[in-house]
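Take a look and give me a structure for this.
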Amino acid sequence: MPIPGVPSSSRPVRLIALMNQKGGVGKTTTTVNLAAALARSGRPTLVIDLDPQAHATIALGVDPASIASSVYDLLIGSPTSELAAGAVHDVGNNLFVLPSHTDLAATESELAMAPDRLQRLVRVVESFQARFEFILIDCPPSLGLLTLNALTAAREVLIPMQAHFLALQGVGKLLETVRALAQGPQPINPRLKVAGVVLCMHDTSSTHTKEVVADLDGFFEAARSDDVPWRMARVFRPAIRRNIKLAECPSFGKSIFDYAPLATGAEDYKALADVFVRDWDAFLAAKGVAPVERNPEPPVVETRGVNTPSPSA
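Below is the predicted model:
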């Protein structure tokens, strides 16, 4: 079934894999809340939860134990449009999730000998991508088969991380993995690029943090003339400030915009989504793709301590 406002024809879709081998860096938090912010801007957005822990699924209010089918069923079986439509859950205005389940952990062994084991997610995405404008893939914190499927299906990689020195070493390994898939002797996904880094749980006052961010800026700037997948990558601004509300909202099955819309976490993710939307609209305009009518959520204002939509929006 087409999404209102977005023709199910050949409109481009922005496919982003969010990955980091290190857990606890804000990867799922960024996937869920960036997706929610994009959806609130009127962009039909899908989260694909590719982590067997199903944290993105739970954070979007879907109980993995209650679902009839998940991304696992589509990866293992034949992802027809009808099956895919039944697996995708509508969790908000313009926001959808293809949920995960603990069964997904068996994918590594079940597909180990399959000749098309790295192309399974590509087939899944092709079965419904015309319905969406943004698709965000929440990868597990490892470089196993599931993450490789995400990198094969995606067009961009976004790396959420904390601005710590040791995290820089991990980013270097991730970049080399992307280069191997995009530019190796037998490239699997030659179109794969690195969009950049999102700084999470950020402490703007720390000298160490500032030094790490400066190193990242310098690294990406030095790569502008190199033939590497991160040639156009950047450190996205704003950074996502440390905010306890971002840690609390998954336990309620809500994004930060539904749980605490006036928190700094909501402010930061909205500003980050605005950057992605502006870049995407500029890309579409350059390609000659006509704009479509949007239905964004109204802004939220505080009235006598109660969060309400602005009547003038």
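
The stretch 1-150 of the chain: strands as residue ranges?
Under the criterion DSSP state E, counting those that start in this stretch, strands of the stretch 1-150 of the chain are mapped to 14-18, 45-49, 89-92, 95-98, 134-138.

in stretch 288-299, what's buried?
In terms of neighbour count (16 or more other Cβ atoms under 10 Å), stretch 288-299 has its buried residues at E297. Every C-beta, even on glycine, is put in place using the N, C-alpha and C of the backbone.

how long is that stretch end to end?
One end of stretch 288-299 to the other measures 30 Å (Cα to Cα, to the nearest Å).

what pLDDT does L143 get?
Looking at L143, its pLDDT reads 86.

Isn't it up against E176?
No - L143 is beyond contact range of E176, at 10.5 Å (criterion: Cβ atoms under 8 Å).

Comparing the two, which residue is more hemmed in?
Set L143 next to E176 and count neighbours by other Cβ atoms under 10 Å: L143 wins out with 15 against 11.

show me what contacts Y269?
30, 33-34, 36-37, 240, 256-257 (Cβ atoms under 8 Å, 6 or more residues apart in numbering).

Just these: which are in helices?
Using DSSP state H, 30, 33-34, 36-37, 256-257 are the members of these that sit in helices.

one step back: so which of the contacts of Y269 comes closest to E126?
L34 (23.1 Å; Cβ to Cβ).

do you know how far the residue nearest in space to the middle of the chain is from F236?
Centroid-nearest residue in the chain: L136, 3.2 Å away (criterion: Cα atoms, centre = their mean). Shown here: L136 relative to F236, a distance of 14 Å by Cβ to Cβ, to the nearest Å.

can you check D49 too?
22 Å.

Do me a favour and get the end-to-end distance for stretch 254-263?
14 Å.

same check, this time on stretch 77-97
19 Å.

circling back: can you add neighbour count, distance to S78 and pLDDT and give the ones in helices among the contacts of Y269 back as a markdown table?
Output for these, formatted as a markdown table (neighbours: other Cβ atoms under 10 Å; distance: Cβ to Cβ, whole Å; pLDDT from 0 to 100):
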| residue | neighbour count | distance to S78 | pLDDT |
| --- | --- | --- | --- |
| T30 | 25 | 32 | 98 |
| N33 | 27 | 33 | 98 |
| L34 | 27 | 31 | 98 |
| A36 | 30 | 31 | 98 |
| A37 | 26 | 34 | 98 |
| I256 | 29 | 37 | 97 |
| F257 | 24 | 36 | 97 |
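
what's the closest of those to R123?
L34 (25.1 Å).

CA atoms only: put the lengthiest helix in the chain into PDB for me.
For the chain, the longest helix by residue count, based on DSSP H, is helix 264-286. Provided in PDB are the C-alpha atoms of helix 264-286 (Å, rounded to 0.1, in the frame of the first residue of the first chain):
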ATOM      1  CA  THR A 264      17.600  18.900  24.700                       C
ATOM      2  CA  GLY A 265      17.700  15.400  23.100                       C
ATOM      3  CA  ALA A 266      14.600  16.300  21.100                       C
ATOM      4  CA  GLU A 267      16.100  19.600  20.100                       C
ATOM      5  CA  ASP A 268      19.400  18.000  19.000                       C
ATOM      6  CA  TYR A 269      17.800  15.200  16.900                       C
ATOM      7  CA  LYS A 270      15.400  17.600  15.300                       C
ATOM      8  CA  ALA A 271      18.300  19.800  14.300                       C
ATOM      9  CA  LEU A 272      20.200  16.800  13.000                       C
ATOM     10  CA  ALA A 273      17.200  15.600  11.000                       C
ATOM     11  CA  ASP A 274      16.900  19.100   9.500                       C
ATOM     12  CA  VAL A 275      20.500  18.700   8.100                       C
ATOM     13  CA  PHE A 276      19.600  15.400   6.500                       C
ATOM     14  CA  VAL A 277      16.400  16.800   5.000                       C
ATOM     15  CA  ARG A 278      18.200  19.900   3.500                       C
ATOM     16  CA  ASP A 279      20.900  17.700   2.000                       C
ATOM     17  CA  TRP A 280      18.300  15.300   0.600                       C
ATOM     18  CA  ASP A 281      16.100  18.000  -0.900                       C
ATOM     19  CA  ALA A 282      19.200  19.600  -2.500                       C
ATOM     20  CA  PHE A 283      20.100  16.200  -4.000                       C
ATOM     21  CA  LEU A 284      16.500  15.600  -5.300                       C
ATOM     22  CA  ALA A 285      16.400  19.100  -6.800                       C
ATOM     23  CA  ALA A 286      19.800  18.500  -8.600                       C
END
